[in-house]
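**Q** Model the following, please.
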Amino acid sequence: MSRTTETVASTTALLAEARAELYGGGLAASVLVRDLHTGEELALDPDVEYVSASLVKVPLALAVLELVRRGELDGGRPVEVEPGRARTPGPTGVSRFRHPARIALADLVYLSLCLSDNAATEALFALVPPARVAELTAGFGLRGFSVRHTIDELSDTPAERFSADESHLAHALAIGSGTRGRGHRVPQLDVSHANSCTARACADLLQALWNPPADSLLPTEVADSVRQLMAHNVLRHRLAPDFAADASSWSSKTGTLLNLRHEMGVVEHADGRALAVVVLTESRVPATHQPAAEALMAAVARRLHDHLRQR
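**A** Numbers count the residues shown, from 1 in each chain. I've put the predicted structure just below:
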């Protein structure tokens, strides 16, 4: 058996094992790992469309910072933010404030991207509506992200209609109400209605941020700013434990909605190699907290990363 044949066989076996492990852990998933310098990649179902949840905050940040670069918005402009708005609850940042605040536009971008602050995100969408975000994202040459609504809509799901001890009912509804065409009785989980993306689209966005082609349409200044913000993401419970180390750095954005758990990021190694890692998942387990699923996502992504890096 030639070395090439052996490599193909081992890769095929690895992907089959990964798919079986994910399924056994209650997850359907798209996983893509790409070397951002060579373009080589390993992937499981990278073109399946998923509701993007908070991953939409990355194209939103690109759009806002591009308008700042053009002079259409002022990054230092104070924005009045009302705390604790019922339509944009969340566990972090302005969403937890008890008093009105004036926050600079650029700092709202930080809160949105690094703390996944829903109230800060909604304030940004009020200035740059979804249609404009979609237009600017397409103008950068980035395809595969659908931006159709603000973050408010994610705060009106079945999860908000059940008490904490009944949250499993919301997840059971999310799990059992989908269609083969990825439609859903819960509008926020219907890819034809909600903000959506694919693993490949996420990897292409990361490529544009970290190592764009010479003819990239994304301004370097904007890419640099978003890349730096992603390096300071404080939500590091999902893939970060398997990728952050003394000899590597991990920059990312997470997304979570009902039974969806996502993360897109880049691991940069001390030897100069940088790999994009994207994991989009949908759980069949009706539970709010699923640490085993988080660990499984990371373990599978790490195995694909290691296999690609060693090829």
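**Q** Neighbours of V68, how many?
**A** Residues near V68, counting by other CB atoms under 10 Å, number 20. C-betas here are computed from N, CA, C, even on glycine.
**Q** Oh, that last question was meant for R182, not what I typed.
**A** That count, for R182 with other CB under 10 Å as the rule, works out to 16.
**Q** what residue lies at the spatial centre of this protein?
**A** Nearest to the mean C-alpha position of the chain, by CA atoms, centre = their mean, lies L55 at 3.2 Å.
**Q** Where is the longest helix in this structure?
**A** With secondary structure taken from DSSP state H, the chain has its longest helix at helix 3-24.
**Q** Tell me which other helices or strands it touches.
**A** strand 27-35, strand 41-44, helix 291-310 (3 or more CB pairs under 8 Å, 6 or more residues apart in numbering; DSSP states H and E).
**Q** Can I get it in PDB, CA atoms only?
**A** Extracted in PDB, the C-alpha atoms of helix 3-24 (Å, rounded to 0.1, in the frame of the first residue of the first chain):
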ATOM      1  CA  ARG A   3       1.800   6.200   1.500                       C
ATOM      2  CA  THR A   4      -0.900   8.200  -0.300                       C
ATOM      3  CA  THR A   5      -3.300   5.200  -0.100                       C
ATOM      4  CA  GLU A   6      -2.500   4.700   3.600                       C
ATOM      5  CA  THR A   7      -3.200   8.400   4.300                       C
ATOM      6  CA  VAL A   8      -6.500   8.300   2.500                       C
ATOM      7  CA  ALA A   9      -7.500   5.200   4.300                       C
ATOM      8  CA  SER A  10      -6.500   6.500   7.700                       C
ATOM      9  CA  THR A  11      -8.400   9.800   7.000                       C
ATOM     10  CA  THR A  12     -11.500   8.000   5.900                       C
ATOM     11  CA  ALA A  13     -11.400   5.800   9.100                       C
ATOM     12  CA  LEU A  14     -10.800   8.900  11.300                       C
ATOM     13  CA  LEU A  15     -13.800  10.700   9.800                       C
ATOM     14  CA  ALA A  16     -16.000   7.600  10.200                       C
ATOM     15  CA  GLU A  17     -15.000   7.200  13.800                       C
ATOM     16  CA  ALA A  18     -15.600  10.900  14.500                       C
ATOM     17  CA  ARG A  19     -19.100  10.700  13.000                       C
ATOM     18  CA  ALA A  20     -19.900   7.600  15.000                       C
ATOM     19  CA  GLU A  21     -18.700   9.200  18.300                       C
ATOM     20  CA  LEU A  22     -20.600  12.300  17.700                       C
ATOM     21  CA  TYR A  23     -23.800  10.400  17.000                       C
ATOM     22  CA  GLY A  24     -23.200   8.200  20.000                       C
END
